[in-house]
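*Asks:* following is a predicted model, sequence given first.
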Amino acid sequence: MYHHFYARLACALPAVVVAVELPLAPERRLPAHIDTGVDALRRLRSIALSDAGALDDPAAELLRTAADFSRVFLIGDSSGGNLVHLVAAHVGEDGEDSWAPLRVAGGIPIHPGFVRATRSKSELEAKPDSVFFTLDMLDKFIALALPEGATKDHPFTCPMGPHAAPLESVQLPPMLVAIGDHDLIRDTNLEYCDALRAAGKEVEVLINRGMSHSFYLNKYAVDMDPATGERVQELVDAIKSFVARH
């Protein structure tokens, strides 16, 4: 589902896109996925520090010569959007100097999975069923991924809530947050953006008008429905502009 979108994004920016293979829940629950994201950045840093010819992996050698490690952008959708925030916060906690020459220049959460234990208004609104996202799926996926016994108010799913570190104390790069106008969790995603602004963080918001959760993964709709195709192009253009400015 993801290849067609990220191949398009790689060509449009242009950029190297590195996909991180995450562990599966519930066998491995959070924070395993955060640790995997951080480990992927450490691997990129080790590649950046390698001498020519020192890498025995052709893909790593290609990355070493083709990628700009001083401008790494974290991008992910749905629960991957949460990981953008959580991995970026981990890097910020370490301090930029400890990651040189790699630098996280920005984060791009797309339709992130930020929620609260109490249903938001957008979760309670009557909406047509989406093949990608229903309330039952939301509840089940979160129950499988969070530490056992945790609620949706956990910092992994509610970084703007009272159980999370104050956002003022969290070091984050500039953020571009894409939010589906018809997403079930639209309101909590908007709340996250408002909390970032209130904490003095640099955040831009793109509203995907008339679109539901992860709409751009439906290649048939992208190719056949003019409105969906237009919204996808707006998303690609916004990401391209954001990357170019950071």
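*Replies:* That came through fine.

*Asks:* tell me what the lengthiest helix in the chain is packed against?
*Replies:* Assignment by DSSP state H gives helix 226-245 as the longest helix of the chain. Identification of packing neighbours for helix 226-245 by 3 or more Cβ pairs under 8 Å, 6 or more residues apart in numbering; DSSP states H and E yields helix 3-12, strand 104-110, strand 175-180, strand 203-208, helix 219-224. In this view, the C-beta of every residue, glycine as well, is placed from N, C-alpha and C.

*Asks:* so where do the helices sit in the protein?
*Replies:* 3-12, 32-49, 58-66, 79-94, 121-124, 135-145, 186-198, 219-224, 226-245.

*Asks:* okay if I get those helices as CSV plus mean pLDDT?
*Replies:* Putting these into CSV (pLDDT from 0 to 100) gives the following:
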stretch, mean pLDDT
helix 3-12, 96
helix 32-49, 97
helix 58-66, 92
helix 79-94, 97
helix 121-124, 92
helix 135-145, 94
helix 186-198, 98
helix 219-224, 94
helix 226-245, 98
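
*Asks:* which of those helices sits closest to residue 109?
*Replies:* Residue 109 sits nearest to helix 79-94 of all the helices of the chain, at 3.3 Å, using Cβ to Cβ.

*Asks:* so which elements touch that closest one?
*Replies:* helix 32-49, strand 72-77, strand 104-110, strand 175-180.

*Asks:* and those: which comes nearest residue 10?
*Replies:* strand 72-77 (11.1 Å).

*Asks:* average pLDDT across the closest one?
*Replies:* Regarding strand 72-77, the rounded mean pLDDT is 98.

*Asks:* next one: residue 217 from residue 106, what distance?
*Replies:* 22 Å (Cβ to Cβ, to the nearest Å).

*Asks:* wait, residue 163
*Replies:* For residue 163, the distance to residue 106 - Cβ to Cβ - is 26 Å.

*Asks:* same check, this time on residue 133
*Replies:* 25 Å.

*Asks:* residues in contact with the residue of the chain most remote from its centre?
*Replies:* Ranked by distance from the centre of the chain (Cα atoms, centre = their mean), the top residue is residue 53, with 32.9 Å. Listed by Cβ atoms under 8 Å, 6 or more residues apart in numbering, the contact partners of residue 53 are residue 61.

*Asks:* okay, it: pLDDT?
*Replies:* For residue 53, pLDDT reads 81.

*Asks:* more neighbours: residue 163 and residue 106, which one.
*Replies:* residue 106 (24 against 12; other Cβ atoms under 10 Å).

*Asks:* that one reaches residue 243, doesn't it?
*Replies:* Yes - the pair residue 106 / residue 243 is scored as a contact, 7.0 Å apart, by Cβ atoms under 8 Å.

*Asks:* hang on, the earlier thing: turn the helices and strands packed on helix 79-94 into a markdown table, columns for distance to residue 144.
*Replies:* Formatted as a markdown table, the helices and strands packed on helix 79-94 follow (distance: least, Cβ to Cβ, whole Å):
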| stretch | distance to residue 144 |
| --- | --- |
| helix 32-49 | 12 |
| strand 72-77 | 18 |
| strand 104-110 | 20 |
| strand 175-180 | 22 |
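
*Asks:* nearest to residue 149, out of those?
*Replies:* Short answer: helix 32-49, nearest of those by Cβ to Cβ, at 16.4 Å.

*Asks:* with only the CA atoms kept, save that closest one in CSV.
*Replies:* Presented in CSV, the C-alpha positions along helix 32-49 are these (Å, rounded to 0.1, in the frame of the first residue of the first chain):
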residue,chain,number,x,y,z
ALA,A,32,9.8,-1.4,21.1
HIS,A,33,8.8,0.5,18.0
ILE,A,34,10.3,3.8,19.3
ASP,A,35,13.6,2.0,20.0
THR,A,36,13.5,0.5,16.5
GLY,A,37,13.1,4.0,15.0
VAL,A,38,16.0,5.4,17.0
ASP,A,39,18.1,2.4,16.0
ALA,A,40,17.4,3.1,12.4
LEU,A,41,18.7,6.7,12.8
ARG,A,42,21.8,5.3,14.6
ARG,A,43,22.4,3.0,11.6
LEU,A,44,22.1,6.0,9.2
ARG,A,45,24.5,7.9,11.4
SER,A,46,27.0,5.1,11.2
ILE,A,47,26.7,5.0,7.4
ALA,A,48,27.3,8.8,7.3
LEU,A,49,30.4,8.4,9.3
